[in-house]
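Asker: Sequence plus the predicted model coming up.
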Amino acid sequence: MMFAAIKNEIKDSLFCFCMEQSAAVGRMSVEEVENLTDKAFEVFAKNPNAHIDPITLYRYHLYAGERYTGEIFPENIKENGVLCRRCLHLGTFLAKEYSDNVEKIITRGYDVVYDLDKEEIKLLYRVVFSDNSIVTIYRVETQYFEDFDVTEFMLDLTAQIAAKLKQNGNIIYGEAI
């Protein structure tokens, strides 16, 4: 998916998302949110060939190694938990990590995705359970981001999107290829 081709739609949806979140905490004006969103997307303006590949995002995901994952969590079962059939994963925001020992960790946070079919930003609350052999992810759509700060959010999201574009081989030293 060409990121640049739908950049304006993502930007508009992100602006609406940030306004909704800001209204809940009452911290920033429309002009301030608009300015932050505009500045964040200026970073991508010089990369017309940049892309982020669409993915299917599931309510549940399990990884238990190459040998066992397909047996424990077969594709036909995984398909029952589709949250978003076609989306661009824009960023992950970790809120807190819990651990009673070094081997078992529970992490909670949020995934921010752009739903290509509904043309909107979706906020997904996520809980990840991991130990030495299994990683389990649970996601559910939610309305509000806990302790939302627009400035922090936009800076972090811009960095995550830029990293995805660079990882996909689209940016070399700030230039499009």
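Answerer: On my side now, so go ahead.
Asker: pLDDT below threshold where in this structure?
Answerer: 1-5, 24-27, 45-48, 169-177 (pLDDT under 70).
Asker: Tell me where it has strands.
Answerer: For the chain, the strands defined by DSSP state E cover 55-58, 60-63, 82-99, 105-115, 120-130, 135-141, 171-172, 175-176.
Asker: got the ones you listed as a markdown table, with distance to Ala162 columns?
Answerer: Bear in mind the C-beta positions are built from the backbone N, C-alpha and C, glycine included. Shown next, in a markdown table, are the strands of the chain (distance: least, CB to CB, whole Å):
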| stretch | distance to Ala162 |
| --- | --- |
| strand 55-58 | 18 |
| strand 60-63 | 25 |
| strand 82-99 | 11 |
| strand 105-115 | 15 |
| strand 120-130 | 18 |
| strand 135-141 | 24 |
| strand 171-172 | 7 |
| strand 175-176 | 13 |
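Asker: who wins for proximity to Ile10 among those strands?
Answerer: Closest to Ile10 of the strands of the chain is strand 105-115 (CB to CB; 5.1 Å).
Asker: picking up where we left off before, let me know which of the strands of the chain is the nearest to Cys18.
Answerer: strand 120-130 (8.9 Å).
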